[in-house]
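A.B. asks: okay, here's the prediction I keep looking at, along with the sequence it came from:
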Amino acid sequence: MRFIHLLVIGALIFAAAYVYRIKMDSTARTEKVLRLHAEIREQRDAIAQLRSEWAKLDAPQRLQGLAERHLPLKPINGTQYDSLKNLPDRPPRMFRPGEPDPIGSMINTIEAASDPDSVTGSVAQPEDKQ
C-alpha cells in the first residue's frame, strides 16, 4: 500500500509540474502576442502618419505654389518655334540604299549560329509538326 501511495504522490507532483510548465508557456506566448499587437499598432500609427504627411506634401495647392516659386515657366507662344529651314543637316547614312542593314545582318547571323533546340526558361519549346 505504501508503495502505491508513493507512486500516486509522485504522479501528482509530476502532473502539477507539467501543468505549471504549460501555464508558464501559455503566459509567455500571451505576452508575446500582446507585444506583437502593440508593435502592429505602432506600425499602423506610423503608416497613418506617413500617409498624412504624403497627402500634405502631395496637395495640389502646395505643388502649384512650389512650381510658381521654383520654376519660372511662362506660357508658350507661336514665336518660340523655329522654321524647318533652320534644322541641322541629316547625318550621313552608314550604308547605301540597296545594301542590307549591317545591324540587321549581324542579328540574323547570331540567330542563325545559335542552337535552335535551346530554349530559355521563359519561352515554351515549340511542338514538332509532323
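C.D. replies: Alright, I've got the coordinates.
A.B. asks: contacts for stretch 70-79?
C.D. replies: For stretch 70-79, the external contacting residues (CB atoms under 8 Å, 6 or more residues apart in numbering) are residue 67. C-betas here are computed from N, CA, C, even on glycine.
A.B. asks: quick one: that stretch to chain centroid distance?
C.D. replies: Centre-to-centre, stretch 70-79 and its host chain are 38 Å apart (CA atoms, centre = their mean, to the nearest Å).
A.B. asks: going forward, begin numbering at 50 instead of 1
C.D. replies: With the count now opening at 50, the last piece we talked about shows up as stretch 119-128.
A.B. asks: quick one: mean pLDDT for that stretch?
C.D. replies: Mean per-residue pLDDT for stretch 119-128: 79.
A.B. asks: tell me the contacts of residue 73?
C.D. replies: So residue 73 contacts nothing (CB under 8 Å, 6+ apart).
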